[in-house]
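this one's structure only:
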Ligand SMILES: Nc1nc2c(c(=O)[nH]1)N[C@H]1C(S)=C(S)[C@@H](COP(=O)(O)OP(=O)(O)OC[C@H]3O[C@@H](n4cnc5c(N)ncnc54)[C@H](O)[C@@H]3O)O[C@H]1N2
Ligand code: MOO
């Protein structure tokens, strides 16, 4: 059995990036840039007025002659003599001959004259050409996640396509004779199947939309066939259940028969001890424990990391921070633990219902509190390591 740190490192080391593709910017939200983008234009493309007011060719006077008007979008070039002004509006191009813009609130306008009140600073209220980015300069670096601001910014530079890392196609394979679909009758000994919808919603929330769900009974041949198909057709396969040591846990045997390279099986952690991680050709395979909270905890610690890394995220591990616990806790057993926790106002509360089968408090958790093998107990007031879950 390996440690959490070893498992995380192995996961990172065995996650090569997906291939690249060119994508329209209106479809690239959540993708990571595979190449640095250089700006095709100066931004702003011209000296731009930041306010509604008057552009001046400054002279040693407060009295300027107003010769014309420039609206946003106007292309006519004006040549101002010293002592001349032109009415100008926010976003309009400031003539090269103007060296300051005064806000209209600081001006008294009379016929074709204006009287300027207050001190005029050189270049005031003028956004220099290329102030944000120069033509040929770095607009966004490789590895940047394309969020709303990034996409808006790229559009402002006239860019319509970007090179990004592809997102993986993902298969979820749930196993178990006891599973019935929510909405149908629950016979004795059966439970509702919840891992597939839980994992697919966690995946969609992270921007992974290409998901196929497979359901198999605890039957060796069926398990093997479905695993073979899902591995050959997807970039990532997430199996749940059937990975422990019971007589009807067929996943490990089937993966072995299918010549999936085992990178690790079993991690010294609670929940999620019987976690399997392997690869076959270009496909990454996780077999997560069937217990729902164990599956979700392993998803955030390990699967999240792999998906992030292969999708081009330069920071693929969920961030950890030290926080003050407001709860007492005594660790049961000797495995390091991930506890469902709630961070609020800089403190962290350890929630009830820590069993790996229980999701009730996971539903309100926003973090996992990490209890190392050295920490046998936590007292309220102790600083603890907290892993923030994605929102
Ligand atoms: N002799 C041992 N027994 C077990 C060990 C062990 O080391 N020795 N480890 C325990 C631990 S820890 C875990 S975790 C579980 C993991 O077992 P499996 O991954 O094989 O999962 P299953 O047995 O198939 O299921 C466990 C539990 O989860 C429920 N389940 C499964 N799939 C779903 C689903 N899609 N939706 C909802 N619930 C699901 C299943 O009904 C079981 O209750 O093994 C321990 N045993
Ligand atoms: O690893 Mo199991 O998830 O402890 O119950």
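Okay, I see it. On a predicted model such as this, the values are computed, not experimentally measured, just so you know. Ligands and ions are numbered 1, 2, ... in the order given.

for ligand 1, what is the nearest residue in the stretch 251-391 of the chain?
Going by CB to the nearest ligand atom, ligand 1 is nearest to residue 290 of the stretch 251-391 of the chain, at 2.5 Å. No exception for glycine: its C-beta is placed from N, CA and C like everyone else's.

can you give me the distance of that residue to residue 9?
From residue 290 across to residue 9, the span is 26 Å (CB to CB, to the nearest Å).

repeat for residue 204
Relative to residue 9, and taking CB to CB, residue 204 is found at 28 Å.

what's the answer for residue 225, then?
Computed with CB to CB, the distance linking residue 225 and residue 9 is 33 Å.

neighbour count: those two, which is higher?
Using other CB atoms under 10 Å as the criterion, residue 225 and residue 9 rank with residue 225 on top: 15 against 12.

okay, that one: pLDDT?
Per-residue pLDDT puts residue 225 at 97.

the helices in the chain, which residues?
4-13, 148-156, 195-205, 220-233, 251-257, 292-298, 304-310 (DSSP state H).

these: which one's closest to residue 40?
Comparing these against residue 40 with CB to CB, the closest turns out to be helix 148-156 (10.3 Å).

for the closest one, packing partners?
strand 138-140 (3 or more CB pairs under 8 Å, 6 or more residues apart in numbering; DSSP states H and E).

the strand it packs on pairs with which strands, parallel or anti?
strand 37-38 (antiparallel) (DSSP bridges).

now do the contacts for the residue of the stretch 1-150 of the chain found nearest ligand 1.
Ligand 1 sits closest to residue 1 of the stretch 1-150 of the chain, with a gap of 9.8 Å, by CB to the nearest ligand atom. With contact set as CB atoms under 8 Å, 6 or more residues apart in numbering, residue 1 has these partners: 266-268, 273.

ok, and which of these reach ligand 1?
Counting by CB under 6 Å from any ligand atom, residue 273 from those sit close to ligand 1.

just put the contacts of residue 1 in TSV and tack on pLDDT and neighbour count.
Listed next are the contacts of residue 1 as TSV, based on pLDDT from 0 to 100; neighbours: other CB atoms under 10 Å:
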residue	pLDDT	neighbour count
266	97	16
267	98	26
268	97	16
273	96	18
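
could you dump the contacts of residue 1 into TSV and include distance to ligand 2?
Below are the contacts of residue 1 laid out as TSV (distance: CB to the nearest ligand atom, whole Å):
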residue	distance to ligand 2
266	9
267	9
268	10
273	4
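
looking at the contacts of residue 1, which is nearest residue 99?
residue 267 (66.5 Å).

the closest one bridge partners, please.
On the basis of DSSP bridges, residue 267 is bridged to residue 2.

if I pick it, what's in contact with it?
Counting by CB under 8 Å, 6+ apart, residue 267 has contacts 1-4, 7, 273, 275.

are any of the residues you listed buried, and which?
2, 4, 7, 273, 275 (16 or more other CB atoms under 10 Å).

ok, now how distant is the first one from ligand 2?
Residue 2 sits 14 Å away from ligand 2, going by CB to the nearest ligand atom, to the nearest Å.

the protein against ligand 1: which residues are in contact?
Checking the chain against ligand 1 by CB under 6 Å from any ligand atom, the hits are 174, 176, 178-179, 191, 193-195, 240-245, 249, 271, 273-274, 289-292, 294, 356-357.

out of those residues, name the ones that lie in strands.
Among the residues of the chain next to ligand 1, DSSP state E puts 174, 179, 191, 240 in strands.

test my guess that the last one contacts residue 193.
No: Residue 240 is beyond contact range of residue 193, at 9.5 Å (criterion: CB atoms under 8 Å).

any common contacting residues for these two?
residue 174.

please say which of the two ends up with more neighbours.
The neighbour comparison of residue 240 against residue 193 (other CB under 10 Å) goes to residue 240, with 30 against 20.

contacts only, for the more buried one.
When contacts are counted by CB under 8 Å, 6+ apart, residue 240 touches 172-175, 195-196, 199, 287-290, 295.

ok, now residue 44?
Contacts for residue 44 (CB under 8 Å, 6+ apart) come out as 127-132.

over to residue 66?
54, 84-87, 109, 112-114.

what's the burial count for residue 101?
Using other CB under 10 Å: residue 101 sits among 28 other residues.

run a quick neighbour tally on the closest residue to it other than its chain neighbours.
Of all residues not flanking residue 101 in the chain, residue 125 sits nearest, at 3.9 Å (CB to CB, 6 or more residues apart in numbering). Other residues lying near residue 125 total 21 when counted by other CB under 10 Å.

residue 125: what's it in contact with?
By CB under 8 Å, 6+ apart, the residues touching residue 125 are 49-51, 53, 100-103.

any quick PyMOL command for the buried ones out of these?
In PyMOL, a selection of the buried entries from the contacts of residue 125 looks like this (16+ other CB under 10 Å):
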select buried, resi 49+51+53+100+101+102
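
and the contacts of residue 125, which is closest to residue 19?
Nearest to residue 19 among the contacts of residue 125 is residue 50, at 43.4 Å by CB to CB.

just confirm that closest one contacts residue 90, I think it does.
Yes: Residue 50 lies in contact with residue 90 (CB under 8 Å); the separation is 6.7 Å.

could I get the contacting residues of residue 238?
Listed by CB under 8 Å, 6+ apart, the contact partners of residue 238 are 170-173, 199, 286, 288, 299, 303.

so which of these wins on neighbours?
residue 288 (29 neighbours).

any idea how far the closest residue to that one other than its chain neighbours lies from residue 171?
Sequence neighbours aside, residue 295 is the residue nearest to residue 288 in space, at 4.2 Å (criterion: CB to CB, 6+ apart). Going from residue 295 to residue 171 by CB to CB gives 15 Å.

so which residues on this protein come close to ligand 2?
Within reach of ligand 2 by CB under 6 Å from any ligand atom, the chain has these residues: 270-273, 289, 291, 294, 356.
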